[in-house]
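Peer 1: coords below, sequence missing:
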């Protein structure tokens with residue numbers, strides 16, 4: 001059996017609080033757990049999976065191709081027909097093409113001049129649905145998360161959805177974005193309070209079957225047998241409390257201790273995260289790399305009725321030099337080689353398997369699946385920072401991008417909105433990230449977006465945007 005927990009450093013304050021978060025215990029503010037009753041014909045998604053293609057996936061090379069554009073825009077790839085009449089995808093997405101009848105492709109998403117053209121603002125806008133404030137324009141990628149930020153979509157769902165009986169209500173895997181050097185804004189609960197932060201599950205490319213939960217890892221001298229000794233566990237947690245108290249940040253940990261212990265010893269926790277329980281042929285269907293295993297883990301968490309799961313693309317160090325990309329989808333150089341040989345195959349097979357698997361298990365209609373990132377790529381080939389046209393890269397492009405949606409009441413087999421002839425700007429039915437966020441909330445039955453902040457003050461989680469009801 002693949003072990004769930006590995007020896008690790010003692011709990012830190014953030015992971016400790018999230019491990020025993022009040023949102024897991026049923027305690028919370030009056031505005032929590034406000035889910036709309038389903039009206040006739042309206043389907044409420046029980047769970048959502050957000051797949052984040054870290055770095056900014058090239059929309060013009062994938063799901064919004066322009067074969068009639070000039071050569072220095074359209075690139076090297078050709079479109080292929082799919083299982084959805086009239087919907088084309090890149091030739092290097094053959095598995096997904098067979099599942100396109102489940103997809104709604106929103107092609108007209110842009111930041112409409114509200115972003116900075118860089119990663120941190122793109123993360124924040126697309127993960128929260130709120131436009132970047134002045135600090136992003138001043139600090140660019142030096143802008144770190146603030147306690148006053150708007151909460152992530154995942155955290156809002158965590159806040160609003162009924163508490164899961166045995167697991168966290170929002171889970172992020174297989175990495176936090178930007179850690180440990182710096183952390184991308186937009187992925188946390190911020191003004192809602194730390195107890196609504198997504199629960200972090202860590203995975204690696206080297207051991208894709210082995211996921212660990214830093215918030216539930218104790219010091220290396222605590223063995224599995226000692227975990228069964230409640231007194232030993234609480235002694236360890238009390239030591240963590242004293243360390244936090246020494247900084248002047250006193251917290252009442254009684255309920256946190258109880259929940260942390262129940263998570264550590266829960267059979268439901270271990271069952272949900274134990275990929276070795278999956279038959280080998282199922283793992284093979286997804287592909288045995290970290291992306292495939294992360295999406296398989298997401299399906300298992302949907303089966304366990306976790307409301308919101310975020311899967312961030314795990315950086316591949318091999319791509320850092322090859323694509324000038326930092327290891328992800330930020331293809332400043334060698335855009336076409338990196339997409340064809342690395343990025344698209346690693347995404348295509350697992351994502352298609354996820355859609356097919358959810359559908360076959362009768363879970364797709366009650367599971368909203370979202371594929372997005374912080375930006376698209378500049379349609380004109382040749383990033384000056386990576387050798388110009390000879391470097392064959394595409395620069396950042398926040399004016400236009402695409403989002404894939406499936407399940408959760410979404411009508412598959414359609415494309416919503418269009419871009420201009422070069423995929424540079426939205427042309428028909430333009431939408432913004434706040435509209436995507438409202439669409440997620442609508443799918444999940446969250447119509448009441450009132451909240452109370454960490455100081456007990458009421459506020460509205462989102463006043464801008466509208467759900468794209470035409471997709472349903």
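Peer 2: Received it, and whenever you're ready, just let me know what you need. In this text, all values refer to a predicted model and were calculated from it rather than measured experimentally.

Peer 1: Walking through the stretch 101-250 of the chain, point out its helices one by one.
Peer 2: Secondary structure of the stretch 101-250 of the chain (DSSP state H, counting those that start in this stretch): helices located at 119-128, 134-139, 153-160, 224-227, 230-245.

Peer 1: Check which helices and strands the second one sits against.
Peer 2: Helices and strands in packing contact with helix 134-139 are listed as helix 119-128; criterion 3 or more C-beta pairs under 8 Å, 6 or more residues apart in numbering; DSSP states H and E. From N, CA and C alone the C-beta is placed, and that goes for glycine too.

Peer 1: elements contacting the helix it packs on?
Peer 2: In this structure, helix 119-128 packs against helix 134-139, helix 153-160, helix 433-443, with contacts taken as 3+ C-beta pairs under 8 Å, 6+ apart.

Peer 1: do that again at 6 Å, thanks
Peer 2: With contacts defined as 3 or more C-beta pairs under 6 Å, 6 or more residues apart in numbering; DSSP states H and E, helix 119-128 has no packing partner among the helices and strands.

Peer 1: neighbours around the residue found closest to residue 203 once you drop the neighbours it is linked to in the chain, how many?
Peer 2: Computed as C-beta to C-beta, 6 or more residues apart in numbering, the closest residue to residue 203 that is not its neighbour in sequence is residue 174, at 2.8 Å. Using other C-beta atoms under 10 Å, residue 174 is surrounded by 22 other residues.

Peer 1: list the contacts for residue 174?
Peer 2: Residue 174 makes contact with 203, 290, 294, 314 under the criterion C-beta atoms under 6 Å, 6 or more residues apart in numbering.

Peer 1: Stretch 79-86: which residues count as buried?
Peer 2: Neighbour-count burial for stretch 79-86 flags 79, 82, 84 (criterion: 16 or more other C-beta atoms under 10 Å).

Peer 1: swap that for stretch 72-81, please
Peer 2: Applying a neighbour-count criterion of 16+ other C-beta under 10 Å, one finds 73-75, 77, 79 buried in stretch 72-81.

Peer 1: Which ones among these lie within helices?
Peer 2: With helices defined by DSSP state H, the entries of those inside them are 73-74.

Peer 1: quick revisit: please report the distance of the residue nearest to residue 203 from residue 207.
Peer 2: If you measure residue 174 against residue 207 using C-beta to C-beta, to the nearest Å, the figure is 11 Å.

Peer 1: Just the pLDDT at residue 453, thanks.
Peer 2: Residue 453 is assigned 81 on the pLDDT scale.

Peer 1: Is it in contact with residue 190, as I believe?
Peer 2: No - with the criterion set as C-beta atoms under 6 Å, residue 453 and residue 190 do not qualify as a contacting pair; they are 9.5 Å apart.

Peer 1: Between these two, point out the one with more neighbours.
Peer 2: Here residue 453 and residue 190 are set side by side on neighbour count (other C-beta under 10 Å), and the busier one is residue 190, at 23 against 16.

Peer 1: Number of residues surrounding the residue lying closest to the more buried one once chain neighbours are set aside?
Peer 2: Nearest-residue entry for residue 190: residue 149, 3.8 Å, with adjacent residues in sequence omitted and distances by C-beta to C-beta, 6+ apart. Neighbour count of residue 149, defined by other C-beta under 10 Å: 22.

Peer 1: Likewise for residue 147?
Peer 2: Here the number of neighbours of residue 147 (other C-beta under 10 Å) works out to 12.

Peer 1: And it, how far from residue 130?
Peer 2: Between residue 147 and residue 130 the computed distance is 15 Å (C-beta to C-beta).

Peer 1: Could you measure from the residue nearest to residue 203 over to residue 204?
Peer 2: Distance from residue 174 to residue 204, counting by C-beta to C-beta: 7 Å.

Peer 1: what's the answer for residue 111, then?
Peer 2: Looking at residue 111 against residue 204, where the rule is C-beta to C-beta, the gap reads 33 Å.

Peer 1: Same drill for the two, tell me which one is more crowded.
Peer 2: The residue with more neighbours, out of residue 111 and residue 204, is residue 111; 23 against 14, by other C-beta under 10 Å.

Peer 1: The more buried one - nearest residue in space that isn't next to it in sequence?
Peer 2: On the basis of C-beta to C-beta, 6+ apart, the spatially nearest residue to residue 111 that is not a chain neighbour turns out to be residue 398, at 4.5 Å.

Peer 1: do the same with residue 373
Peer 2: Beyond its immediate neighbours in the sequence, the residue positioned closest to residue 373 (C-beta to C-beta, 6+ apart) is residue 53, lying 4.1 Å away.

Peer 1: quick one, what contacts the one you found?
Peer 2: Residue 53 neighbours (C-beta under 6 Å, 6+ apart): 313, 329, 373.

Peer 1: Quick one: residues contacting the first one.
Peer 2: Spelled out, it's residue 313. For residue 313, the contacting residues are 53-54, 328, by C-beta under 6 Å, 6+ apart.

Peer 1: The stretch 351-472 of the chain: strands as residue ranges?
Peer 2: Assignment of strands within the stretch 351-472 of the chain using DSSP state E, counting those that start in this stretch yields the ranges 367-372, 376-377, 396-397, 401-406, 414-416, 418-419, 426-428, 450-452, 458-460.

Peer 1: could I get the contacts of residue 313 as a markdown table with distance to residue 442 and secondary structure?
Peer 2: Putting the contacts of residue 313 into a markdown table (distance: C-beta to C-beta, whole Å; DSSP: H, G, I helix; E, B strand; the rest coil) gives the following:
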| residue | distance to residue 442 | secondary structure |
| --- | --- | --- |
| 53 | 23 | coil |
| 54 | 26 | coil |
| 328 | 30 | coil |
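
Peer 1: how many neighbours does the nearest residue to residue 77 once chain neighbours are set aside have?
Peer 2: Beyond its immediate neighbours in the sequence, the residue positioned closest to residue 77 (C-beta to C-beta, 6+ apart) is residue 90, lying 5.2 Å away. Neighbourhood size, residue 90 [other C-beta under 10 Å]: 24.

Peer 1: pLDDT score assigned to residue 90?
Peer 2: Among the per-residue scores, residue 90 shows a pLDDT of 98.

Peer 1: who does it bridge with?
Peer 2: Residue 90 forms beta bridges with residue 79, as assigned by DSSP bridges.

Peer 1: Look up phi and psi at the residue nearest to residue 203.
Peer 2: Per-residue torsions, residue 174: phi -90, psi 20 (degrees, to the nearest 10).

Peer 1: Same check on residue 111?
Peer 2: The phi/psi pair for residue 111 (degrees, to the nearest 10) reads phi -90, psi -10.

Peer 1: my guess is it meets residue 397, correct?
Peer 2: No - using C-beta under 6 Å, residue 111 and residue 397 do not qualify as a contacting pair, with a distance of 9.9 Å.

Peer 1: list the contacts for the residue nearest to the spatial centre of the chain?
Peer 2: Centroid check for the chain by C-alpha atoms, centre = their mean gives residue 310 as the closest residue, at 3.2 Å. When the contact criterion is C-beta under 6 Å, 6+ apart, the partners of residue 310 are 50, 154, 172.

Peer 1: Check these against residue 117 and report the nearest one.
Peer 2: Of all these, the one sitting nearest residue 117 is residue 50; the distance, using C-beta to C-beta, is 22.8 Å.
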